[in-house]
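>>> below is the sequence, then the predicted model.
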Amino acid sequence: MLRRVYDRILALAAHRHAAWYLAGIAFAEASVFPVAPDAMLAAMGLARRERIWFYALICTIGSVAGGALGYLIGYAVFDRLALPVIHFYHMDHAFQTFRDRFAQYGVALILLKGLTPIPYKIVTIAAGAAKFSVWQFMAASLVTRGGRFFLVALVIRHFGTRARDFIETRLLLVTSLIAVGAVGGFVALAFL
């Protein structure tokens, strides 16, 4: 199963509209979609290493734009959908504590969470729900998402085929490490 998913990502990465698919996946992942664009970015970079920086830029722009949509979802819809549930369960104080903490540590949370395997949509929607400064949110998103995608690009550019060979021969290990990282990210989220 993993091999089929990996092969499908490689096939999409080779498509003539791959850059648009990459932008769409990066946009959707930051607001509503559960799959991160890193695998496609890596595959596209391995196929055309001379364009890896361009692909990282596409990922960054798509992700930050998707983050703006996630922020808007949290800002505009959260009060209508989630606040009644919060009131029903008498969690108003807990939610206010969350907003206060986000106001105090928001930039640090965005920077930290944007680099981890935690789905970024959680951060974007939470920032909107907390009514965090949209400009600080956008600036921190640009830094953290750009840092993440350009780091992937750097690894691909530097290690290239060795990275591809490692991934292909140890696909189960690589996906297991990513899963462990995601779980670790959720645990970190719970305690921060």
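Nice, I can see it. Numbers count the residues shown, from 1 in each chain.
>>> residues near the residue lying closest to residue 82 once chain neighbours are set aside, how many?
Distance criterion Cβ to Cβ, 6 or more residues apart in numbering; nearest residue to residue 82, sequence neighbours excluded, is residue 129 at 7.1 Å. For the C-beta atoms, the positions are set from N, CA and C on the backbone; glycine is no exception. By the criterion of other Cβ atoms under 10 Å, residue 129 has 22 neighbours.
>>> what's the per-residue pLDDT of residue 129 here?
Listed pLDDT for residue 129 reads 87.
>>> isn't it up against residue 76?
No - with contact defined as Cβ atoms under 8 Å, residue 129 does not reach residue 76; the gap is 9.9 Å.
>>> show me what the helix or strand containing residue 59 packs onto, helices and strands only.
If you go by DSSP states H and E, residue 59 is part of helix 52-72. When contacts are defined as 3 or more Cβ pairs under 8 Å, 6 or more residues apart in numbering; DSSP states H and E, helix 52-72 sits against helix 18-29, helix 38-47, helix 120-129, helix 134-169.
>>> can you check which of those helices gets nearest to residue 72?
With Cβ to Cβ, the closest approach to residue 72 among the helices and strands packed on helix 52-72 belongs to helix 120-129: 6.2 Å.
>>> what does that closest one contact?
Residues from elsewhere that reach helix 120-129, judged by Cβ atoms under 8 Å, 6 or more residues apart in numbering: 29-33, 63, 66-76, 78-79, 82, 98-99, 102, 106, 109-110, 113-114, 137, 141, 145, 189.
>>> pull the contacting residues for residue 56.
41, 45, 146, 149, 150, 152, 153.
>>> just give me the neighbour total for residue 142.
Residues lying near residue 142 (other Cβ under 10 Å) number 16.
>>> separation between the residue lying closest to it once chain neighbours are set aside and residue 156?
Of all residues beyond its chain neighbours, the one nearest residue 142 is residue 64 (5.3 Å), with distances taken as Cβ to Cβ, 6+ apart. As judged by Cβ to Cβ, to the nearest Å, residue 64 and residue 156 stand 21 Å apart.
>>> who has more neighbours, those two?
Ranked by neighbour count (other Cβ under 10 Å), residue 64 and residue 156 place residue 64 first, with 25 against 22.
>>> find the residue at the geometric middle of this structure.
The chain has residue 120 as the residue nearest its centroid, 4.0 Å off, counting by Cα atoms, centre = their mean.
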